[in-house]
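Engineer: what follows is a protein structure lacking sequence information:
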């Protein structure tokens with residue numbers, strides 16, 4: 001199996017410390033969700049999670065280098081296995097997208113209010129990250145395939161504003177046949193499409209990109225409720241996502257922009273919608289006063305403007321779908 005040297009120096013000790021702290025804090029989170037659910041849920045959903053999209057815009061590696069699930073997967077990932085077949089990798093991407101579509105709306109009727117349910121779910125996903133590592137090379141089985149956050153990392157990581165190398169992979173043996181953010185960075189989104197021209201819209205990742213603006217609107221325009229509201233939540237969010245998919249598909253086929261233009265614009269639209277809706281709650285959580293929401297929206301607009309400018313300056317036009325043999 002070929003090996004590519006990504007860095008001639010080992011990961012900085014601070015990253016190793018941060019990875020250990022990430023796992024330790026996850027343990028603290030699980031205890032907090034069970035023992036003190038209300039304040040723990042507030043800190044997690046209102047103060048921590050809303051910051052992650054901005055982190056992904058800066059560079060997804062800032063999160064991937066310390067993600068506790070990534071650390072668990074890295075602990076058990078095998079170094080002597082062949083990369084999973086391309087068809088299996090794509091199927092795993094589909095599963096990751098489905099998990100994203102199932103878990104995010106579930107916040108409205110379960111995870112936003114039930115700390116125990118969220119703790120159990122996090123523990124199950126953590127166990128999955130550990131177990132998958134035994135059967136797949138390095139982090140290819142979970143971090144680069146099944147992780148439900150991966151599609152968002154790819155969408156928002158197209159034009160990273162800061163340079164952050166991988167702290168986990170100083171060498172690469174091409175454990176993931178395509179779309180690995182650790183190896184190709186911002187090009188991972190386009191490599192995940194597996195289609196040229198307007199056919200990218202029928203790929204699993206393309207469907208997510210086109211549906212994501214409506215998915216975000218749908219989530220933020222439905223209220224929290226109990227388990228009895230589950231069907232209504234999924235119907236509401238699904239209808240918005242489907243409407244977005246249809247509208248974007250019609251628009252893309254009408255104006256036929258290059259993929260290198262369409263993907264960043266749709267990514268910026270999704271991130272902009274997220275912070276437009278999340279701004280009041282984020283400002284309230286941090287006690288920034290009556291103008292807090294406006295400040296958050298202005299800062300988000302500035303960040304997205306810089307991100308789009310960086311995307312427009314990028315000269316990476318590689319639409320190929322590389323394999324481990326390349």
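Structural biologist: Done, it's in. Since this is a predicted model, take the numbers as computed values, not measurements.

Engineer: please, where are all the helices along this structure?
Structural biologist: Assigned by DSSP state H, the chain shows helices spanning 13-35, 37-41, 52-58, 61-64, 68-76, 86-106, 115-135, 150-156, 181-184, 188-191, 204-220, 230-255, 259-285, 292-313.

Engineer: may I see the buried residues of the second one?
Structural biologist: The reference is to helix 37-41. Neighbour-count burial for helix 37-41 flags 37, 40, 41 (criterion: 16 or more other C-beta atoms under 10 Å). Any C-beta I mention is one placed from the backbone N, CA and C, and that applies to glycine too.

Engineer: from the contact counts, what lies against it?
Structural biologist: helix 13-35, helix 115-135 (3 or more C-beta pairs under 8 Å, 6 or more residues apart in numbering; DSSP states H and E).

Engineer: turn the buried residues of helix 37-41 into CSV, columns for pLDDT and distance to residue 150.
Structural biologist: Converted to CSV, these look like this (pLDDT from 0 to 100; distance: C-beta to C-beta, whole Å):
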residue, pLDDT, distance to residue 150
37, 98, 28
40, 98, 25
41, 98, 24
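
Engineer: end to end on stretch 109-118, go ahead and measure it.
Structural biologist: The first residue of stretch 109-118 is 12 Å away from its last residue (C-alpha to C-alpha, to the nearest Å).

Engineer: can you name the residues in contact with it?
Structural biologist: With C-beta atoms under 8 Å, 6 or more residues apart in numbering as the test, stretch 109-118 has contacts from 32-34, 36-38, 40-41, 45, 103, 121, 224-230, 233.

Engineer: quick one: buried ones out of these?
Structural biologist: Neighbour counting with 16+ other C-beta under 10 Å marks 32, 33, 37, 40, 41, 45, 103, 121, 229, 233 as buried within these.

Engineer: tell me the one among these nearest to residue 55.
Structural biologist: residue 45 (15.9 Å; C-beta to C-beta).

Engineer: distance check, the closest residue to residue 46 other than its chain neighbours against residue 55.
Structural biologist: Computed as C-beta to C-beta, 6 or more residues apart in numbering, the closest residue to residue 46 that is not its neighbour in sequence is residue 285, at 3.9 Å. Distance of residue 285 to residue 55, given as C-beta to C-beta, to the nearest Å: 17 Å.

Engineer: next, count neighbours for residue 301.
Structural biologist: 14 (other C-beta atoms under 10 Å).

Engineer: does it touch residue 272 like I think?
Structural biologist: Yes - here residue 301 reaches residue 272: they are 7.2 Å apart, a contact under C-beta atoms under 8 Å.

Engineer: which residues touch residue 158?
Structural biologist: Residue 158 makes contact with 186, 189, 263, 264, 267, 311, according to C-beta under 8 Å, 6+ apart.

Engineer: that should have said residue 39, apologies.
Structural biologist: Per C-beta under 8 Å, 6+ apart, neighbours of residue 39: residue 32.

Engineer: try it again with 10 Å
Structural biologist: Contact analysis of residue 39 by C-beta atoms under 10 Å, 6 or more residues apart in numbering lists 32, 115.

Engineer: ditto for the one 3 residues further on
Structural biologist: Residue 42 is in contact with 48, 112, 285, counting by C-beta under 10 Å, 6+ apart.
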